[in-house]
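**Q** Quick one, structure for this:
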Amino acid sequence: MSNNCLTLGSLFDGSGGFLLGGLLSGIKPVWKSEIEPFPIAVTNKRFPDVKHYGDVSRLNGAEIEPVDIITFGSPCQDMSIAGKRAGLDGSRSNLFYEAIRIVKEMRCATDGKYPRFICWENVLGAFSSNGGEDFKAVLESVCSVKGDKTDIPRPKKWPNAGEIVADDYSVAWRVLDAQYWGVPQRRKRIFLVADFAADSAGRILFESEGLSGYSAESFRSWQRTANGAAACSGAAGSVCLNEQGGIRMDVSQDMVGTLRAEVHGHYPA
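**A** Numbering: from 1, shown residues only. Below is the predicted model:
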């Protein structure tokens, strides 16, 4: 898979972190969406060729430019352990569902071609918010982009890394810590990647250096400070969801398994 011609749109763009990451990886940023004046001023100056959209709740995914990748670090305040923990039902964190709506609208308008990938970023509190039910809802919402209504089982505690592999799509998540990527502070975040056309989500998130189109030169400055980066690779545990012949869904710790996309039944945890 070559990323030479991949395009990117960024929802909840902030100061353009995903836009910069795209440029460093040889991906072309096309549009961004943000409502706060200062971040908008920053990205308008730094990315003058990137089209700006405003409030995500007013965007129609069928009407904006189709892109290969949509990124969104949706508001985290309601899931953060420092907040009131209203979860995905909170007035800010529930904007996650607006992003999913935009993705579905774009895919419907392009016969399922765009976007092929999404990348979601959020605080670690998303694992424990609402007793773990909110991250389960995140996974089920992402799978619903492909029309999959499978009830995903919730483990006692969401691990730092996991993967769902279906017949024609894949979803993976991983905890990364900014201190291993050149930032002088500990800042752990969940990153979730979905590939709506193939099984590459896990390879993108766990083995990005091995992908065609990866540019070691682009990340040279980060690599100098990334010694020991394995510490943020999710070694604390991983989970895979295993479809058991259409009868039930089981959770495996540190094992490989598969979720078949054609199975839409309700499974006991």
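
**Q** is it true that Lys32 touches His52?
**A** Yes - using Cβ atoms under 8 Å, Lys32 is in contact with His52, at 5.8 Å. Every C-beta, even on glycine, is put in place using the N, C-alpha and C of the backbone.

**Q** Comparing these two, which residue is more hemmed in?
**A** Set side by side, Lys32 and His52 show more neighbours around Lys32, with 25 against 13, by other Cβ atoms under 10 Å.

**Q** And that one, its phi and psi?
**A** For Lys32, the backbone dihedrals are phi -140, psi 160 (criterion: degrees, to the nearest 10).

**Q** so it bridges to which residues?
**A** Ser10, His52 (DSSP bridges).

**Q** Report the set of residues contacting both of Lys32 and His52.
**A** Common neighbours of Lys32 and His52 (criterion: Cβ atoms under 8 Å, 6 or more residues apart in numbering): Thr43.

**Q** Okay, now the unreliable bits of the chain?
**A** Residues of the chain meeting the criterion pLDDT under 70: 1-4, 74-94, 208-269.

**Q** Going along the chain, name the helices of it.
**A** 17-24, 37-46, 96-109, 125-128, 133-144, 201-206, 220-223 (DSSP state H).

**Q** Those helices: which one's closest to Glu65?
**A** Closest approach to Glu65 among these is made by helix 96-109 (9.2 Å; Cβ to Cβ).

**Q** Contacts for the closest one, please.
**A** With contacts defined as Cβ under 8 Å, 6+ apart, helix 96-109 is touched by 11-12, 56-57, 59-64, 66-67, 70, 72, 74, 88, 113-115, 118, 120, 138, 141-142, 144-145, 196.

**Q** With mean neighbour count and distance to Ile152 as extra columns, can I get the helices of the chain in JSON lines?
**A** Formatted as JSON lines, the helices of the chain follow (neighbours: other Cβ atoms under 10 Å; distance: least, Cβ to Cβ, whole Å):
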{"stretch": "helix 17-24", "mean neighbour count": "19", "distance to Ile152": "26"}
{"stretch": "helix 37-46", "mean neighbour count": "14", "distance to Ile152": "33"}
{"stretch": "helix 96-109", "mean neighbour count": "19", "distance to Ile152": "15"}
{"stretch": "helix 125-128", "mean neighbour count": "22", "distance to Ile152": "14"}
{"stretch": "helix 133-144", "mean neighbour count": "20", "distance to Ile152": "5"}
{"stretch": "helix 201-206", "mean neighbour count": "21", "distance to Ile152": "15"}
{"stretch": "helix 220-223", "mean neighbour count": "12", "distance to Ile152": "33"}
